[in-house]
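*Asks:* A predicted structure for the sequence below; I have some questions about it.
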Amino acid sequence: MRKLQVISPKRSRRLIQQEIARSEEARYDHRLHALLMVSQNLSCRRVAEWLGQDSSTVERWVRRFNAGGCDALREGHHTGRRGRLGASEWNETRAALRRNPREFGYAQNLWDGKLLAHHLRLNHGITLGVRQCQRMFHAMELRLRKPRAEIAKGDPELQAAYKKTPRDAER
């Protein structure tokens, strides 16, 4: 009988690792498998190679298990990095975004990530990237409005005549 092999081993390995990372319970099981292998006298380095982890990660799992048992391997609450804007700055920025940028002396009519980054740097001394400022719009449940394109130097009468539904149409 021929030895069974996985088709496209590199791709399959990546797919399996993504599936493990997708679920909190799967990550817990993955840690348990690592500890099971270490308990069979395999080195943390060897286990890490087999499981596609860093050896220091497997060592950390072993230390956590030794200190607190299986429960220590479960996912904890991840707070993440603290934001650069405090609560008062956040509320002030949110209020500013609800106003027209021209009220602050800017030449634009609409807020965008680049203008918000500039505004935060001037008013709060905080440097954020354009993409992070765009994320702030989403977090504040605001949406980026884009100006409607207009034909440069177009004749309004000819444009109105070209439209499918004229404004003065009887209904």
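*Replies:* Arrived safely.

*Asks:* name the element the residue most central in space within the chain belongs to?
*Replies:* The centroid of the chain falls nearest to Arg135 when counting by CA atoms, centre = their mean (8.5 Å). Using DSSP states H and E, Arg135 falls within helix 130-139.

*Asks:* how about Tyr106?
*Replies:* Using DSSP H and E, no helix or strand contains Tyr106.

*Asks:* now for the closest residue to it other than its chain neighbours, how many residues are close by?
*Replies:* Nearest non-adjacent residue to Tyr106, counting by CB to CB, 6 or more residues apart in numbering: Leu115, 6.2 Å away. All C-beta spots, glycine's among them, are computed from the backbone N, C-alpha and C. Number of residues near Leu115 (other CB atoms under 10 Å) recorded here: 18.

*Asks:* the one 10 residues further on now?
*Replies:* Gly125 is surrounded by 8 other residues when neighbours are defined as other CB under 10 Å.

*Asks:* could you do Phe65 as well?
*Replies:* Counted with other CB under 10 Å, Phe65 comes out at 19.

*Asks:* residues contacting it?
*Replies:* By CB atoms under 8 Å, 6 or more residues apart in numbering, Phe65 lies in contact with Leu35, Ala72, Leu73.

*Asks:* and the gap between it and Tyr28?
*Replies:* 12 Å (CB to CB, to the nearest Å).

*Asks:* common neighbours of these two, please.
*Replies:* Leu73.

*Asks:* please point out which parts of stretch 33-43 sit buried.
*Replies:* Ala34, Leu35, Met37, Val38, Leu42 (16 or more other CB atoms under 10 Å).

*Asks:* chain center to it: distance?
*Replies:* Centroid displacement of stretch 33-43 relative to its chain, using CA atoms, centre = their mean, to the nearest Å, is 34 Å.

*Asks:* mean confidence for that stretch?
*Replies:* For stretch 33-43, mean pLDDT is 93.

*Asks:* which residues are in contact with it?
*Replies:* Cys44, Arg46, Val47, Ala48, Trp50, Leu51, Gln53, Val58, Trp61, Val62, Phe65, Leu73.

*Asks:* centre of the chain to the helix holding Arg135, how far?
*Replies:* Distance, centroid of helix 130-139 to centroid of chain: 10 Å (CA atoms, centre = their mean).

*Asks:* just send the buried residues of stretch 33-43 back as TSV, with distance to Ala160 and secondary structure too.
*Replies:* TSV is the format used below for these (distance: CB to CB, whole Å; DSSP: H, G, I helix; E, B strand; the rest coil):
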residue	distance to Ala160	secondary structure
Ala34	70	helix
Leu35	74	helix
Met37	74	helix
Val38	76	helix
Leu42	78	coil
